[in-house]
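Visitor: give me a 3D structure for the following:
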Amino acid sequence: MAWWENEFLKIRGGKLFLGEEEASKVAEKWGTPLFVYSQKQILSNFYHLRNLCRNLPHPDIRIYYAMKANPNRKILKILREAGAGIDAVSPGEVEEALKSGFPGRKIFFTGTSVSPDDLRSVFTQDGLIVNIDAEQQLELMKEIREREFKGKKIKVSIRWNPGIGRGFNPKVVTAGKRSPDGKPIKFGVEEKRVIHVLEKAAKYGFEPVGLHQHLGSGWLKEDWETVKNAVDKMVQKASEIHKKGFELEFLDFGGGFGPKYAEEHQVFPLKKYIDYIFQKVDRSDLHLKAVALEPGKYLVGSAGVLLFRVEYLKRNYGNLFACVNAGTFNTVPRPAIYTQAQHPIIHCSKVDSGDKVTITIAGNLCESGDIFGQEIFLPHPKRGDILALLCAGAYSRSMASTFNLRKRPKEIII
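Guide: This next block holds a predicted model:
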């Protein structure tokens with residue numbers, strides 16, 4: 001059994017199957033490039049996460065799907081019916097969540113560099129919780145509410161920056177003073193200002209109900225100690241808030257954990273993490289109604305693949321290329337944007353053939369960085385063969401573009 005096989009991806013007779021359908025035949029039927037998502041795998045991931053939280057001490061668990069990972073409306077409806085809420089980062093995401101049937105009370109809005117128009121849009125939704133990313137944002141919220149939403153009850157939480165962050169690439173580290181490559185981190189209210197902002201929010205007529213943090217994305221086993229430390233800091237800060245007379249409804253620990261993208265990766269200890277959160281909360285002086293998590297790629301990453309076709313093979317100065325009918329920037333930008341991003345690539349009609357070559361999978365864009373896989377070991381492809389790029393359910397179609405005026409791929413759910 002290959003390390004990447006799951007309920008969605010199977011090897012049968014040396015061929016890749018997507019559920020009960022042969023991948024090459026799916027490509028033939030629908031055309032390529034094509035995103036294929038699995039409803040069964042999405043639900044399996046969701047229920048596994050939810051089941052990890054069962055039989056744990058009170059409080060309840062809220063699972064807010066980070067829809068920036070993949071805002072496909074059918075995926076949103078699948079998760080809504082399963083009981084998820086939505087983590088939205090823009091008014092557009094809020095609007096899409098509402099169209100997919102989520103009520104305002106199931107939407108958690110975490111914007112950054114928000115505008116008056118952003119706030120007008122989200123303030124119209126009853127029950128929605130607004131996460132405050134900056135003290136200056138709160139001042140803008142006060143102006144909009146007093147001028148256009150006088151007397152409206154609006155629940156808020158504080159996104160704080162605990163001073164430590166973690167992520168698989170410097171560009172996705174979202175807490176701390178600076179990223180590992182030295183860039184200032186823009187997110188969250190710094191530690192010493194949290195209680196002041198909370199008090200000011202209450203003074204301005206907002207209803208403070210939560211505290212939120214997000215460290216970054218793509219945690220692995222090696223990140224456990226940092227993440228554990230952040231849990232300690234979160235519960236300690238919440239206890240300080242409690243002593244100031246605020247009864248918080250929930251703590252939101254954000255996302256960061258995800259699927260396995262490479263065989264050598266040691267996955268983040270999710271059960272250990274959840275157990276630790278609930279133990280710390282249970283032993284605190286807090287009286288929370290809920291603990292929240294914001295999975296994105298964890299729910300949908302392993303439930304999606306991109307299928308593309310080999311147009312021809314090319315040799316250039318001793319390098320062998322499979323030239324395919326898709327580009328990274330307009331289909332799966334992650335390998336082009338993040339140097340550490342990896343996506344397994346599978347030959348759909350001969351997954352484990354012994355006839356292997358070292359080959360680079362090159363896209364159809366006018367850009368040297370348009371490489372899906374550099375010098376990978378793959379069964380020798382030929383013109384017309386279908387390849388599958390795995391773990392493409394998250395931050396692929398949602399980050400895609402029309403660079404070079406190439407069309408974005410179609411999407412289907414099976």
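Visitor: contacts for stretch 163-172, please.
Guide: Contact with stretch 163-172 is made by 173-177, 179-181, 183, 185, 190-191, 215-220, 223, 226-227, 229-230, 233, 256, 337-341, as judged by Cβ atoms under 8 Å, 6 or more residues apart in numbering. (C-beta placed from N, C-alpha, C; glycine too.)
Visitor: can I get it in CSV, CA atoms only?
Guide: Output of stretch 163-172 as CSV, limited to C-alpha atoms (Å, rounded to 0.1, in the frame of the first residue of the first chain):
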residue,chain,number,x,y,z
GLY,A,163,4.8,36.2,20.1
ILE,A,164,5.6,32.8,18.7
GLY,A,165,4.7,31.3,15.3
ARG,A,166,5.2,28.2,13.3
GLY,A,167,4.8,27.2,9.6
PHE,A,168,6.3,25.0,6.9
ASN,A,169,7.5,28.2,5.0
PRO,A,170,8.3,31.7,6.2
LYS,A,171,5.4,33.1,4.1
VAL,A,172,2.8,31.2,6.1
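Visitor: report the rounded mean pLDDT for that stretch.
Guide: If you average the pLDDT over stretch 163-172, you get 93.
Visitor: so for it, what gets flagged as buried?
Guide: The neighbour-count check on stretch 163-172 (16 or more other Cβ atoms under 10 Å) flags Gly163, Ile164, Gly165, Arg166, Gly167, Phe168, Asn169, Pro170, Lys171, Val172 as buried.
Visitor: closest to Lys243 out of these?
Guide: Gly163 (20.4 Å; Cβ to Cβ).
Visitor: quick one: the longest strand along the chain to chain centroid distance?
Guide: The strand that spans the most residues within the chain, counting by DSSP state E, is strand 304-316. Centroid separation for strand 304-316 versus its chain: 27 Å, with Cα atoms, centre = their mean, to the nearest Å.
Visitor: next: stretch 37-55.
Guide: Relative to its chain's centre, stretch 37-55 lies at 15 Å (Cα atoms, centre = their mean).
Visitor: cool, stretch 40-59 as well?
Guide: Stretch 40-59 sits 17 Å away from the centroid of its parent chain (Cα atoms, centre = their mean).
Visitor: ok so, going back, among the contacts of stretch 163-172, name the ones in strands.
Guide: Glu190.
Visitor: quick check: PyMOL command selecting the buried ones in the contacts of stretch 163-172.
Guide: In PyMOL syntax, the buried subset of those is picked out as below (16+ other Cβ under 10 Å):
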select buried, resi 173+174+175+176+179+185+215+216+217+218+219+220+223+226+227+230+233+256+337+338+341
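Visitor: all the helices of this protein, residue numbers only.
Guide: Ranges of helices within the chain are 23-30, 39-52, 73-82, 91-99, 116-123, 135-148, 194-203, 224-243, 270-282, 297-300, 334-337, based on DSSP state H.
Visitor: from those helices, which stretch is densest packed?
Guide: Of all these, helix 297-300 carries the top mean neighbour count, a mean of 29, counting by mean count of other Cβ atoms under 10 Å.
Visitor: rounded mean pLDDT for that helix, please.
Guide: Here helix 297-300 scores 97 as its mean pLDDT.
Visitor: coming back round to it: which of the buried residues of stretch 163-172 lies closest to Glu240?
Guide: The closest of those to Glu240 turns out to be Gly163 (Cβ to Cβ; 14.6 Å).
Visitor: minimum distance to Pro381: which of the helices of the chain has it?
Guide: helix 23-30 (11.9 Å).
Visitor: tell me the angle the closest one makes with strand 304-316.
Guide: Helix 23-30 runs at 100 degrees relative to strand 304-316, counting by axes from the mean of the first three to the mean of the last three Cα atoms, to 10 degrees.
Visitor: helices and strands around helix 23-30, which ones?
Guide: strand 15-18, strand 34-37, strand 304-316, strand 386-389, strand 410-413 (3 or more Cβ pairs under 8 Å, 6 or more residues apart in numbering; DSSP states H and E).
Visitor: winner for burial among those?
Guide: strand 386-389 (a mean of 26).
Visitor: just the C-alpha atoms of that strand, please, in CSV.
Guide: Below are the C-alpha coordinates for strand 386-389, written out as CSV (Å, rounded to 0.1, in the frame of the first residue of the first chain):
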residue,chain,number,x,y,z
ILE,A,386,-2.6,11.2,-17.6
LEU,A,387,-0.7,12.2,-14.5
ALA,A,388,-2.2,13.0,-11.1
LEU,A,389,-0.9,15.6,-8.7
